[in-house]
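1. quick check, what structure comes out for this input:
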Amino acid sequence: QVQLVESGGGLVQAGGSLRLSCTASGGTFSRYHMAWFRQGPGKEREFVASLGWSGATTYADSVKGRFTISRDNAKNTVYLQMNVLKPEDTAVYCCAASDSYSGPLEAPYPYWGQGTQVTVSS
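-> Residues are numbered from 1 along each chain as shown. Here you go, the predicted structure:
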């Protein structure tokens, strides 16, 4: 069983940056594909980025060129560096883990964190 805990959210002005962290415990982190999803106010949860254990990345079109997903296996942590933030990036950001899937679908990820709030003011 894998437990995921996110941190790093907060309030930032448009154009600013934040780095989110997601630390895993209870499994062999290096063998997991990791992803970030977000749910904005009144919206469905949506895919943000994924990072396979081999290093392959996928990004939602809305964040390409602004967000970067990375991982530090020695720290059991995946990061989401968010630059040039926009008000529409306001959401609860959750990380997810799977030992068999890396990509934009939610269902194949069995492990989820509680989320961290990101608010971008205009």
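2. mind listing the helices for the chain?
-> With helices called from DSSP state H, the chain shows none.
3. now the residue nearest the centre of it: closest residue in space, sequence neighbours ignored.
-> Centroid-nearest residue in the chain, with CA atoms, centre = their mean: Trp36, separated by 2.4 Å. Distance criterion CB to CB, 6 or more residues apart in numbering; nearest residue to Trp36, sequence neighbours excluded, is Val48 at 4.2 Å. All C-beta spots, glycine's among them, are computed from the backbone N, C-alpha and C.
4. do I have it right that the one you found meets Arg66?
-> No - here Val48 lies out of contact with Arg66, judged by CB atoms under 8 Å, at a distance of 10.6 Å.
5. who's more crowded, the two?
-> Between Val48 and Arg66, counting by other CB atoms under 10 Å, Val48 is the more crowded of the two (25 against 15).
6. quick one: that one from Glu6, how far?
-> 12 Å (CB to CB, to the nearest Å).
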